[in-house]
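[1] please work out how this folds:
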Amino acid sequence: MRKWKRRKKEPETIGGMLRRKRRRNYVLLASANIVIIGLLVWQLWSFKERMDQLDNQLTYLMDTNSTIQGDVSGMQSNIQAKLDEEASLLSNYSIETTAVDFNAGTYDVEIHVTPKEYTDETQVVVYFGTTEYHLQKGSKDFEGSATLSFLNSYDGNVTFLFINGEKKSTEVLKNYVGYPHAFEDVLYGNLGEFPEYKDGKLKVGGETQFTLQGNDTFQFESCDIVVKAGTDDIYRGNLLNGEVLLKPADDTTDDHADQDNNNGDNSPENNAADSAEQVIESATENAGAEESGPISNTDGTYTITDVLQVAQDTKVQIRLEAKTTDGFTFDYVIFEGKTAQADPQKPDTAVDGWQESEDYLPYTYTVTDPNGAVRTFGT
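    Below you'll find the predicted structure:
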């Protein structure tokens, strides 16, 4: 049997050693790169987490700062109000409107003021702008009256002068708002759709929107929508509860009634029933809160479902009308137009549309005072 002899290991050459060392270096370098990349990824992730934390902390600090600034501002306002109250010379005062005259463009006010300190020798004068009014000492305060112009609201321009011997002190009512502002934007609204006129029939489609506000001055006993043809009111609806207050006795029935007529049901009894049903339907559709007495503010919508008979070549006006408990009437016109007229050469031709029309008069309305005088407010 042949014996195998172990081959002697040949000495490693320098090239082999270099190649082996180079491979080992590659492995070490790759391992080092993997470790470095892992550390970079971990650092980036940690940095992102830290940035998120810092962002949350910054947001919290900003919210806290806003809260603190709000609290400080509120404290400053309260402190300023307290200081103003303590520094004020007035214990109490009131300026109330007692009468209005639109014809003269004036209104009367009654003034009452109680100084914090006064003697039997104290004199009090109130200035509206540069016009002075001397007040008389009453049992509890100083009182007097003044007649003011609607052309000046005297906002922040009312001053009390207190005279005690040779000492004079004044106080300006910086927050005073004049009475003429009470008439601003009291009543306004707009039509949901442009009115249609065709062959003697007027349709006021869509929901009419309205807003009524008393501006801390007026209480209202009624608020209506009114359709006027020529010189006569032909329709009136209560905006507060939806009740139909006025419409012509021979008013045209609605589309359902027309359909019934087309089916041959033209008996007077059925027409009367349709008309009665239509009134009930209008009141139901427009029904709102029940009237429980005078109101100061409200808004809502109203739908005129009736078709109204209007002659050709007739001026039509649709307005909102509100009456106060103290006798003022506010009228806001939301549409004016003149119905079209048939061609004299073709009198039987159906008439469609308007000769002229305007669907709104923005921010302009008239007010009638208790004496019947009228004044226009707005732009």
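[2] only C-alpha atoms from now on, for both contacts and neighbour counts.
    OK.
[3] just to check, Thr329 is in contact with Tyr365?
    No: using C-alpha atoms under 8 Å, Thr329 makes no contact with Tyr365, being 10.5 Å away.
[4] who's more crowded, these two?
    Between Thr329 and Tyr365, Tyr365 has the larger neighbour count (other C-alpha atoms under 10 Å), namely 24 against 20.
[5] quick check, that one in a strand?
    Yes: checked against DSSP: H, G, I helix; E, B strand; the rest coil, Tyr365 lies within a strand.
[6] separation between it and Gly189?
    Distance, Tyr365 to Gly189, using C-alpha to C-alpha, to the nearest Å: 11 Å.
[7] okay, and the common contacts of those two?
    Common neighbours of Tyr365 and Gly189, counting by C-alpha atoms under 8 Å, 6 or more residues apart in numbering, are Tyr332.
[8] quick one: residues contacting Thr324.
    Counting by C-alpha under 8 Å, 6+ apart, the residues that Thr324 touches are Phe218, Gln219, Phe220, Glu221, Ser222.
[9] again with Ser91
    Val113, Thr114, Pro115, Lys116.
[10] most surrounded residue in the residues you listed?
    Val113 (21 neighbours).
[11] what sits against that residue?
    With contact taken as C-alpha under 8 Å, 6+ apart, Val113 is in contact with Leu90, Ser91, Asn92, Tyr93, Ser94, Asp141, Phe142, Glu143.
[12] okay, and the fifth one sits in which element?
    For Ser94, the enclosing helix or strand under DSSP states H and E is strand 90-101.
[13] describe which strands that strand pairs with in its sheet and in which direction.
    Applying DSSP bridges, strand 90-101 is found paired with strand 106-115 (antiparallel).
[14] average model confidence for the strand holding Ser94?
    On average, the pLDDT along strand 90-101 is 92.
[15] show me where the protein has its helices.
    Assigned by DSSP state H, the chain shows helices spanning 14-87, 255-262, 268-285.
[16] how far is stretch 41-55 from where the chain is centred?
    With C-alpha atoms, centre = their mean, to the nearest Å as the basis, stretch 41-55 stands 49 Å off its chain's centre.
[17] burial of Leu245, as a residue count?
    Using other C-alpha under 10 Å, Leu245 has 14 other residues around it.
[18] tell me, how many neighbours does Gly74 end up with?
    Gly74: 12 neighbours (other C-alpha under 10 Å).
[19] just the buried residues of the contacts of Val113.
    Neighbour counting with 16 or more other C-alpha atoms under 10 Å marks Asp141, Phe142, Glu143 as buried within the contacts of Val113.
[20] which ones among the residues you listed map onto strands?
    In this view, the buried ones among the contacts of Val113 that belong to strands under DSSP state E are Phe142, Glu143.
[21] how is the chain partitioned into domains?
    Domain assignment for the chain, taken from automatic domain parsing, gives 41-77, 90-181, 186-378.
[22] now the last one: average pLDDT?
    This points to domain 186-378. Mean predicted lDDT for domain 186-378 stands at 78.
[23] try the shortest one
    Across domain 41-77, pLDDT averages out at 78.
[24] in that domain, which residues are buried?
    Taking 16+ other C-alpha under 10 Å as the neighbour-count basis, domain 41-77 is seen to contain no buried residue.
[25] hey, which of the domains of the chain is tucked in deepest?
    Stretch with highest mean neighbour count among those: domain 186-378 (a mean of 17; mean count of other C-alpha atoms under 10 Å).
[26] what is the residue nearest the centre of the chain paired to in the beta sheet?
    The residue lying closest to the centre of the chain (C-alpha atoms, centre = their mean) is Thr211, at 8.7 Å. Beta-bridge pairing for Thr211 (DSSP bridges): Tyr188, Asp299.
[27] my guess is Ile163 contacts Thr119, does it?
    No: applying C-alpha under 8 Å as the test, Ile163 and Thr119 come out as separate, 10.1 Å apart.
[28] which neighbours do the two have in common?
    Counting by C-alpha under 8 Å, 6+ apart, Ile163 and Thr119 have no common neighbour.
[29] what's the spacing between Tyr26 and Ala32?
    10 Å.
[30] same check on Leu240?
    Distance of Leu240 to Ala32, computed by C-alpha to C-alpha: 85 Å.
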